[in-house]
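*Asks:* Predicted model and sequence below, questions to follow.
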Amino acid sequence: MRIHRDEKIKIGLKYCGGCNPEYDRVALVRHIEERLRGKVEFFEPEHEGIELILAVEGCSAACADLSAFQGMKIRIITSIEDGERFIREIEEQ
Amino acid sequence: MTMMNGQQYEESLRRLNLVVYMFGERIENVVDYPMIRPSMNAVAKTYELANRPEHEDIMTATSHLTGKKINRFTHIHQSIEDLVKKSKMGRLLGRETGCCFQRCVGMDSLNALDMTTFDIDGKYGTEYHKRFLKYLEYVQENDLTCCGAMTDTKGDRSLPPHQQADKDLFLHVVEEKNEGIIVRGAKAHQTGAVNSHEIIVMPTITLREEDKEYAVSFAVPSDTEGITYIIGRQSCDTRKLEKGTMDRGNLFFGGHEALVIFDDVFVPWERVVMYKEYDFSRQLVEQFAAYHRQSYACKVGVGDVLIGAAQTAAEYNGLEKASHIRDKIVEMNHLNETLYCGAIACASEGHKEPGGTYYVNSLLANVHKQNITRFPYEIARLAQDIAGGLLATLPSEDDFRSEEIGKWMEKYYKGRADIPTEYRMRILRLIENLTLGTAATNYLTESMHGAGSPQAQRIMITRRVNMQEKQRAAKTLCGIEDP
């Protein structure tokens, strides 16, 4: 079922530290932003009114500290494929 | 201000009035001096990455003193996660700079002093920890780079400090005043000294009562009157003075070390955090050393660069599919990731000290550093093997740019047809830089002797290993019952 939204989804962007990333996390976020233009808006994770935290992790260890976002909806990405899945999910909403 | 960016850091260095010498002459403009500038760039990277969202999770922490977001290099570890992130930060920065970024030694000094001053106060009722925390807050609030100065010049290694022919061969207190102390001596091999705002001095060895005037720890601004810096040479260092940049290998970053001389330097009491408590010298040295041996996670990041360069050189030579080349690359990765295992393990197996600070597993930190004294040499050997002899015989960038002879280099140094000759030259220069040039100072010799020479780790491994449990297991399995 598609839900029509007039407003963009406010997404808080949280990266891991990037000690040894298996893909270009920043490039993937730019790609997601481009593909979902008009549908989502990225902010710092502490920004007010965030509906979803997108945790962009460089590898499957997924070590970004998400403790500050307890109770919030969190979507974790650990690969480019995950990014594509996230795009499809948003597009289908 | 709680966190500076790279530009603010550079500006803060320009406000210092350091007395720095190289080639027998005083350097008036330290920040822009071409043989020092790359090392400043490397420290600046520790500030720059802390301000990037894609790295802040590793590069920043929350101060246990103020609750503010701070650069991790000024943080006191509050959890196992903090220790693990420290190791990861080392790999990240080593890879981004391809050299020593110099700032870990200050972080390790702060953490060791946090624990030791707490324990001295517990025994003697002194106020060192209170002084230390006030100083720490100042460091955190101003996001300062601290040079951890431990290594004395040592003179005759068979003699303790008080028996040296020259008493100044170990830094010591020469006068006590109402307002503070006067110290004299020198600290050698001081990484990043002239890129630092503060110098934190600690004793270099376990001291006995006769040596208590040497049991002193304090922090002073790096431009305090009486401090002189003499910059150490590095192999191929004058390439940084040449007009081209290609022959440097690493165009942007480097490290530096200096001999730091304290010629009757005044230290106010509020900056003194150990004075004559010789019985805590061993603890301070061991705790600092364990943290600093963990810090050699940075070499994994530099190893990443060297492995990437070797793979690229193999591809440019058209040899990347040769089985022996592939096997050598596997071996380099095996060694590098084994080093990473040690860096992560000593952090993951850390524990909480009585004062609340988290401390690495000392045995595993020493094992990690012992591996660091060996594996980078083998990784470097394999990189040179893969790169080929041109690594050491390649003519200069000036020759390559020459209108008369450049065409011959372009023609005869060509590897794969679709790769520009210049690319091949650049990657070989980077491998040269890391294995023979300025960066080899840090990737190889510093790996050998930094944070203590190999024998120092072997002594600690002997002390820390649980031999009793090994013997119990062995004896039990073969039926020996001790009387």
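*Replies:* On my side now, so go ahead.

*Asks:* what sits against the residue of the stretch 151-300 of chain B found nearest chain A?
*Replies:* Nearest residue of the stretch 151-300 of chain B to chain A (Cβ to the nearest Cβ) works out as residue B:300 at 8.7 Å. From N, CA and C alone the C-beta is placed, and that goes for glycine too. By Cβ atoms under 8 Å, 6 or more residues apart in numbering or on different chains, residue B:300 lies in contact with B:90, B:91, B:94, B:336, B:337, B:339, B:340, B:343.

*Asks:* Show me which of these are buried.
*Replies:* Burial by neighbour count, judged by 16 or more other Cβ atoms under 10 Å in any protein chain shown, picks out B:90, B:91, B:94, B:336, B:339, B:340, B:343 from the contacts of residue B:300.

*Asks:* Within reach of chain A, which of the residues you listed are there?
*Replies:* residue B:91 (Cβ under 8 Å from any Cβ of the partner chain).

*Asks:* so of the buried ones among the contacts of residue B:300, which ones are in helices?
*Replies:* Taking DSSP state H as the definition of helices, the buried ones among the contacts of residue B:300 contribute B:90, B:91, B:94, B:336, B:339, B:340, B:343.

*Asks:* Need the pLDDT of the second one.
*Replies:* Which is residue B:91. Residue-level confidence at residue B:91 comes out at 98, pLDDT.

*Asks:* Let me see the contact set for it.
*Replies:* Residue B:91 sits in contact with A:19, A:20, B:297, B:298, B:300, B:301, B:304, B:340, B:343, where contact means Cβ under 8 Å, 6+ apart.

*Asks:* that older thread, relative to chain A, which of the buried ones among the contacts of residue B:300 is nearest.
*Replies:* Nearest to chain A, judged by Cβ to the nearest Cβ, of those is residue B:91 at 5.2 Å.

*Asks:* if we can go back for a sec, with the contacts of residue B:91 in mind, which one is nearest to residue B:17?
*Replies:* residue B:298 (30.0 Å; Cβ to Cβ).

*Asks:* wait, what's in contact with that closest one?
*Replies:* Residues near residue B:298 by Cβ under 8 Å, 6+ apart: B:90, B:91, B:93, B:94, B:100, B:101, B:104.

*Asks:* So which residues on chain A come close to chain B?
*Replies:* Residues of chain A lying near chain B (Cβ under 8 Å from any Cβ): A:13-20, A:25-26, A:44, A:56, A:63-65.

*Asks:* Buried ones only from those residues, please, as a ChimeraX command.
*Replies:* Selecting only the buried entries of these in ChimeraX, with 16+ other Cβ under 10 Å as the criterion:
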select /A:13,14,15,16,17,18,19,20,25,56,63,64,65
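
*Asks:* Tell me the one among the residues of chain A next to chain B nearest to chain B.
*Replies:* Among the residues of chain A next to chain B, and counting by Cβ to the nearest Cβ, the member closest to chain B is residue A:17, at 2.5 Å.

*Asks:* What sits closest to that closest one if chain neighbours are left out?
*Replies:* Once flanking residues are discounted, residue A:17 sits nearest to residue B:58: 2.5 Å by Cβ to Cβ, 6 or more residues apart in numbering or on different chains.

*Asks:* The one you found in helix, strand or coil?
*Replies:* Put simply, residue B:58 is helix when judged by DSSP: H, G, I helix; E, B strand; the rest coil.

*Asks:* cool, residue B:73 as well?
*Replies:* Applying three-state DSSP: residue B:73 is helix.

*Asks:* tell me the pLDDT at it?
*Replies:* 98.

*Asks:* What of residue B:482?
*Replies:* Note on residue B:482: pLDDT of 79.

*Asks:* And the pLDDT at the nearest residue to residue B:80 once chain neighbours are set aside?
*Replies:* The shortest distance from residue B:80 to any non-neighbouring residue, by Cβ to Cβ, 6+ apart, is to residue B:350 (5.6 Å). Looking at residue B:350, its pLDDT reads 98.

*Asks:* How many neighbouring residues does residue B:350 have?
*Replies:* By other Cβ atoms under 10 Å in any protein chain shown, 26 other residues sit near residue B:350.

*Asks:* Would you confirm that it contacts residue B:83?
*Replies:* Yes. Between residue B:350 and residue B:83 there is a contact under Cβ atoms under 8 Å: 4.6 Å.

*Asks:* chain center to the lengthiest strand in chain A: distance?
*Replies:* Ranked by residue count under DSSP state E, the longest strand found in chain A is strand A:9-15. Relative to its chain's centre, strand A:9-15 lies at 5 Å (Cα atoms, centre = their mean, to the nearest Å).

*Asks:* Could you list the low-pLDDT ranges of chain A?
*Replies:* Filtered on pLDDT under 70, chain A yields the residue ranges A:1-6.

*Asks:* all helices of the stretch 1-150 of chain B, in order?
*Replies:* Here the stretch 1-150 of chain B has its helices, by DSSP state H, counting those that start in this stretch, at B:6-14, B:37-50, B:56-59, B:80-97, B:104-124, B:128-142.

*Asks:* is it possible to export these to CSV including distance to residue B:238?
*Replies:* Listed next are the helices of the stretch 1-150 of chain B as CSV, based on distance: least, Cβ to Cβ, whole Å:
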stretch, distance to residue B:238
helix B:6-14, 23
helix B:37-50, 13
helix B:56-59, 33
helix B:80-97, 21
helix B:104-124, 26
helix B:128-142, 35
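
*Asks:* So which residue is dead centre in the chain?
*Replies:* With no chain named, the answer covers chain A. The structure's chain A has its C-alpha centroid closest to residue A:54; by Cα atoms, centre = their mean the separation is 2.7 Å.

*Asks:* Chain B is the one I meant
*Replies:* Centroid-nearest residue in chain B, with Cα atoms, centre = their mean: residue B:102, separated by 5.0 Å.

*Asks:* what residues are up against the residue nearest to it when sequence neighbours are not counted?
*Replies:* Closest residue in space to residue B:102, ignoring its immediate chain neighbours: residue B:192 at 2.7 Å, by Cβ to Cβ, 6+ apart. Residue B:192 sits next to B:39, B:43, B:100, B:101, B:102, B:103, B:105, B:145, B:147, B:255, B:256 when contact means Cβ under 8 Å, 6+ apart.

*Asks:* Show me what from the stretch 51-200 of chain B comes close to chain A.
*Replies:* B:53-59, B:81, B:84-85, B:88-89, B:91-92, B:95.

*Asks:* If we use 10 Å, what do you get?
*Replies:* When proximity is defined as Cβ under 10 Å from any Cβ of the partner chain, the stretch 51-200 of chain B approaches chain A at B:52-62, B:72, B:81, B:84-85, B:87-93, B:95-96.

*Asks:* The residue nearest to residue A:17 contacts residue A:19, doesn't it?
*Replies:* Yes. Between residue B:58 and residue A:19 there is a contact under Cβ atoms under 10 Å: 6.0 Å.

*Asks:* shared neighbours of these two, anything?
*Replies:* Counting by Cβ atoms under 10 Å, 6 or more residues apart in numbering or on different chains, the contacts common to residue B:58 and residue A:19 are A:63, B:84, B:85, B:87, B:88, B:89, B:90, B:91, B:92, B:93.

*Asks:* any idea how far residue B:410 is from the residue nearest to residue B:102?
*Replies:* 39 Å (Cβ to Cβ, to the nearest Å).

*Asks:* Please apply the same query to residue A:51.
*Replies:* On the measure of Cβ to Cβ, residue A:51 and residue B:410 end up 57 Å apart.

*Asks:* what helices or strands is the longest strand of chain A leaning on?
*Replies:* For strand A:9-15, the elements it packs on are helix A:25-35, strand A:40-43, strand A:52-56, strand A:74-77, helix A:80-92, helix B:56-59, judged by 3 or more Cβ pairs under 10 Å, 6 or more residues apart in numbering or on different chains; DSSP states H and E.

*Asks:* and the gap between the residue of chain B found nearest chain A and residue B:90?
*Replies:* Nearest residue of chain B to chain A (Cβ to the nearest Cβ) works out as residue B:58 at 2.5 Å. Note on residue B:58: its distance to residue B:90, by Cβ to Cβ, is 10 Å.

*Asks:* list the residues that contact both of the two?
*Replies:* Joint contacts of residue B:58 and residue B:90 (Cβ under 10 Å, 6+ apart) are residue A:19.
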